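Asks: Everything below, folded, please.
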Amino acid sequence: MTFLTALLSIASGSLVGFTLGLVGGGGSILAVPLLVYVVGVNSPHVAIGTSAIAVAVSAATNLIGHARANTVKWSCALVFAAAGVAGAFFGAQLGKIIDGSKLLTLFGLLMVIVGASTLVPRKSTGNPAIALTYKTMPRLLPLLTGVGFLVGALSGFFGIGGGFLIVPGLMGATTMPLLNAVGSSLVSVTAFGLATAASYAWSGLIDWHLAGLFIVGGAFGGLLGIKLGKRLSGHKRVFALTFSSVVIAVGLYVIVRSIVF
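Replies: Model prediction:
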């Protein structure tokens, strides 16, 4: 590994972490195109495997803070994550057999969808007392397992955290408030990332040195993003719009690049 590659890895990780800290989610979807087009990882599969472990570590770190703040609905989150892990293994196996250029095209399409979805405001209201109990199980369990498996499969297929899908999935399945959905989603993001990374690691498709540098950069960038986000909290909608525009633009670039070249 050259010094330039190491520097670009740290810088790319910092950008992802900064976005996560500033906007509050979605930044991990930038990890794969950054690894491919900026760092210079030749294999899209290695980029996906490497980003998956970085996303898992980042999510686990953020989960600690949410757990201390008691915003995690553990009963719902654990069932959703368990179903999602099975889906993530399935998605990862499927992703590894897809041609790299086709996989990037699909990834670019997903980025455009994600960017567009962030433009839709989320309602923060819901039932803060929701929990998976014997009384609510007949209604909640099928929704949590079904949606969890589907979201996990997409997460494993593309090597992303999937928070942009997990949050609305949890809200739709349980009617929990946005704050609880964000905190609870990190259980799944951590689990999905580890499941995807394990599958790719088994196939030798993770660059561990790059992953380590990406994680270090992400931690540093995350601290800066959180600090700046607190100072500019009144302008977060503007940042969200900017982020969605960047994601859409990068997604279109990935699609064109993978088709033309």
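Asks: roughly how far is the helix or strand bottoming out on mean pLDDT in the chain from the heart of the chain?
Replies: Counting by mean pLDDT, DSSP states H and E, the weakest-scoring helix or strand in the chain turns out to be helix 236-260, with a mean of 78. Averaging C-alpha positions (Cα atoms, centre = their mean, to the nearest Å) puts helix 236-260 16 Å from its chain's average.
Asks: can you check stretch 76-84 too?
Replies: Chain-centre distance of stretch 76-84: 16 Å, with Cα atoms, centre = their mean.
Asks: Pull out the CA atoms of it and give them to me as PDB.
Replies: Extracted in PDB, the C-alpha atoms of stretch 76-84 (Å, rounded to 0.1, in the frame of the first residue of the first chain):
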ATOM      1  CA  CYS A  76     -38.200  -4.800  18.500                       C
ATOM      2  CA  ALA A  77     -34.600  -4.000  17.400                       C
ATOM      3  CA  LEU A  78     -33.200  -7.500  18.200                       C
ATOM      4  CA  VAL A  79     -36.000  -9.300  16.300                       C
ATOM      5  CA  PHE A  80     -35.600  -7.000  13.300                       C
ATOM      6  CA  ALA A  81     -31.900  -7.500  13.400                       C
ATOM      7  CA  ALA A  82     -32.000 -11.300  13.700                       C
ATOM      8  CA  ALA A  83     -34.300 -11.600  10.700                       C
ATOM      9  CA  GLY A  84     -32.100  -9.100   8.800                       C
END
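Asks: Show residues contacting stretch 190-204.
Replies: With contact meaning Cβ atoms under 8 Å, 6 or more residues apart in numbering, stretch 190-204 is reached by 45-46, 48-49, 52-53, 55-57, 59-60, 63, 81-82, 84-85, 88-89, 91-93, 96, 151-152, 155-156, 159, 161-162, 206. No exception for glycine: its C-beta is placed from N, CA and C like everyone else's.
Asks: So among those, which ones count as buried?
Replies: 45-46, 48-49, 52-53, 55-57, 59-60, 63, 81-82, 84-85, 88-89, 91-92, 96, 151-152, 155-156, 159, 161-162, 206 (16 or more other Cβ atoms under 10 Å).
Asks: and these, which of them are in helices?
Replies: The helices, defined by DSSP state H, take in 45-46, 48-49, 52-53, 55-57, 59-60, 63, 81-82, 84-85, 88-89, 91-92, 96, 151-152, 155-156 from these.
Asks: Now do the least confident helix or strand of the chain: which elements does it pack against?
Replies: Applying 3 or more Cβ pairs under 8 Å, 6 or more residues apart in numbering; DSSP states H and E, one finds that helix 236-260 makes contact with helix 3-23, helix 31-33, helix 100-117.
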